[in-house]
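Undergrad: everything below, folded, please.
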Amino acid sequence: MDCKCNAITLYTAQSEIVYQKILTDGICYSKEAYIQQKYEESAPIFLTAYRWFASEAEKLVPKPEQAQLPYWAFRDLYSVERSGEVRLLTLSVPLSQGIFFDLYQWNQILQLKFLDTDPKAQKAFLQELSMRGLKESQIMLSSFYPDLKAQILDSWKTLFRYQHAIQSGDFSKPQAIQAALWCIKKEWIISAE
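TA: I've put the predicted structure just below:
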């Protein structure tokens with residue numbers, strides 16, 4: 001069982017630098033500069049999604065002043081990407097500290113896609129873009145088309161529709177749960193491989 005009372009077991013892969021910072025300081029916060037460095041020329045795409053995520057997520061779980069962006073963690077070990085030299089951390093995180101969402105929907109957001117639970121609404125939006133000769137990524141990475149950009153951003157809010165259920169211990173939906181953490185605390189670490 002991966003949920004014990006008010007905590008959930010989560011898995012995350014972190015660099016040795018992050019792991020050592022947690023051990024030394026007892027806590028570590030993610031910074032936007034780390035995203036810039038990791039993704040280089042692709043950083044604008046990731047930062048568009050990450051900045052939106054951070055602004056919405058802090059409405060659900062207050063963001064500490066030191067945090068800029070969240071760390072990613074997963075309910076299932078198989079979802080953790082372990083490329084490069086990283087430490088696999090097994091964490092026991094208080095449910096109140098996690099921002100929970102559907103992994104597959106988050107992947108759509110990372111592709112800057114319109115996200116809607118209503119297939120008809122999604123089809124209508126994509127048809128409108130097609131008639132204008134536009135793609136979602138063009139809209140999201142430019143300062144043009146503010147009305148369309150607002151529609152895409154508004155559609156992303158469905159990402160958090162399971163937050164309250166999961167925080168209450170109901171893991172029946174979605175199938176693949178991803179979590180965001182404003183920090184990683186030493187006291188949460190069960191193991192580090």
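Undergrad: show me the strands in the protein, by range?
TA: Using DSSP state E, the strands of the chain run over 3-4, 7-15, 27-29, 71-74, 86-94, 99-102, 177-181, 183-185, 189-192.
Undergrad: got the ones you listed as CSV, with mean pLDDT columns?
TA: Below are the strands of the chain laid out as CSV (pLDDT from 0 to 100):
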stretch, mean pLDDT
strand 3-4, 48
strand 7-15, 95
strand 27-29, 96
strand 71-74, 96
strand 86-94, 96
strand 99-102, 94
strand 177-181, 95
strand 183-185, 98
strand 189-192, 96
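Undergrad: in space, what's closest to His155 - neighbours in sequence excluded?
TA: No His there; residue 155 is Ser. Leu115 (4.6 Å; Cβ to Cβ, 6 or more residues apart in numbering). For the C-beta atoms, the positions are set from N, CA and C on the backbone; glycine is no exception.
Undergrad: dihedrals phi and psi, that neighbour?
TA: With angles defined as degrees, to the nearest 10, Leu115 sits at phi -120, psi 120.
Undergrad: and it, how many neighbours?
TA: Neighbour count of Leu115, defined by other Cβ atoms under 10 Å: 21.
Undergrad: does it touch Ile109 like I think?
TA: Yes. In this structure Leu115 lies within contact range of Ile109 using Cβ atoms under 8 Å: 6.2 Å.
Undergrad: who touches both of these two?
TA: Residues touching both Leu115 and Ile109 (Cβ atoms under 8 Å, 6 or more residues apart in numbering) are Trp156, Leu159.
Undergrad: ok, back up a step: distance to Tyr162 and mean neighbour count added to the strands of the chain, as CSV?
TA: As requested, the strands of the chain are exported to CSV (distance: least, Cβ to Cβ, whole Å; neighbours: other Cβ atoms under 10 Å):
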stretch, distance to Tyr162, mean neighbour count
strand 3-4, 14, 13
strand 7-15, 13, 20
strand 27-29, 25, 20
strand 71-74, 15, 22
strand 86-94, 16, 18
strand 99-102, 6, 24
strand 177-181, 8, 23
strand 183-185, 22, 19
strand 189-192, 24, 13
